[in-house]
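Peer 1: Fold the stuff below for me.
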Amino acid sequence: MITKENIKFNRYMKWKKRLKNVPNILAFFRIFLAFLMYFFLVNRNFFEVHPSWLDYFAALVFVIASITDFFDGYIARNFEATSKLGEILDPLADKMLILGAFLGLLYLHRADPWAVYLILVREFFITGLRVVMASEGLSVKASFMGKIKTVLQMIAIGWLLMDWPFANLLLWIAVIVTLVSGIDYIMAYIKANND
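Peer 2: The predicted structure follows:
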């Protein structure tokens, strides 16, 4: 007998199946947006517009990419659309976005080079650690501190892209949280290996 509950359940399962690849598609789109943002930042002479407009375009692209990051995670968690590829691809897309932004901001002499260096060293180290964890069958999901770190970095980058006051102060706050979250990952890895 077909009931309303059965129909609703079948519709839910169809949507769930369709959404399975959406997080990975969003991650690939974020990688493209990272390239586009970087292009706006370092190719100032390519466009015949005032440089401030290029800042606005770069910031807009960065915001859109950040929104895709939110929906990527939301869909993956709430519709059980996680995958091994997604666990690697999502942080990789984030790193490419952050890297593109920081390299562009260094090119424009807006970001403190030491702050960028510390953030990028931590990002590459933890990305490598996550790959090792995944190869050992350990969970590589982002920690709560890692999510806070990402939000603070994105706020600091947005401020720097717009060349607003106190942008480098926000960047240094992001550096501190970034380093603390890196220690958090290392401790989680050590604990997982000892269990």
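Peer 1: so where do the helices sit in the protein?
Peer 2: For the chain, the helices defined by DSSP state H occupy 4-19, 22-42, 51-78, 84-107, 113-135, 144-162, 167-194.
Peer 1: tilt between the third one and helix 4-19?
Peer 2: Translated: helix 51-78. If you take axes from the mean of the first three to the mean of the last three C-alpha atoms, to 10 degrees, helix 51-78 sits at 130 degrees to helix 4-19.
Peer 1: Could you do the second one as well?
Peer 2: Relative orientation of helix 22-42 and helix 4-19, computed by the same axes, to 10 degrees: 40 degrees.
Peer 1: before we move on, what about the fourth one?
Peer 2: Using the same axes, to 10 degrees, the direction of helix 84-107 lies 50 degrees away from that of helix 4-19.
Peer 1: Helix 84-107: which residues count as buried?
Peer 2: Taking 16 or more other C-beta atoms under 10 Å as the basis for neighbour counts, the residues of helix 84-107 that come out buried are 86-106. Just so you know, the C-beta spots here come from the backbone N, C-alpha and C atoms, and that holds for glycine as well.
Peer 1: can you give me how far that helix is from the chain middle?
Peer 2: Counting by C-alpha atoms, centre = their mean, to the nearest Å, helix 84-107 is centred 6 Å from the centre of its parent chain.
Peer 1: and it, what does it pack onto?
Peer 2: Packing partners of helix 84-107 (3 or more C-beta pairs under 8 Å, 6 or more residues apart in numbering; DSSP states H and E): helix 22-42, helix 51-78, helix 113-135, helix 144-162.
Peer 1: What of the last one?
Peer 2: In terms of contacts (3+ C-beta pairs under 8 Å, 6+ apart), helix 167-194 is packed against helix 113-135, helix 144-162.
Peer 1: Throw those into JSON lines and include distance to residue 10, thanks.
Peer 2: Shown next, in JSON lines, are the helices and strands packed on helix 167-194 (distance: least, C-beta to C-beta, whole Å):
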{"stretch": "helix 113-135", "distance to residue 10": "34"}
{"stretch": "helix 144-162", "distance to residue 10": "34"}
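Peer 1: Out of the ones you listed, which is the most enclosed?
Peer 2: Comparing the helices and strands packed on helix 167-194 on average neighbours per residue, with mean count of other C-beta atoms under 10 Å, the densest one is helix 144-162 at a mean of 20.
Peer 1: and residue 109, how many residues sit next to it?
Peer 2: Neighbourhood size, residue 109 [other C-beta atoms under 10 Å]: 7.
Peer 1: can the helices of the chain go into JSON lines with extra columns for mean pLDDT?
Peer 2: Putting the helices of the chain into JSON lines (pLDDT from 0 to 100) gives the following:
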{"stretch": "helix 4-19", "mean pLDDT": "72"}
{"stretch": "helix 22-42", "mean pLDDT": "94"}
{"stretch": "helix 51-78", "mean pLDDT": "90"}
{"stretch": "helix 84-107", "mean pLDDT": "88"}
{"stretch": "helix 113-135", "mean pLDDT": "89"}
{"stretch": "helix 144-162", "mean pLDDT": "91"}
{"stretch": "helix 167-194", "mean pLDDT": "91"}
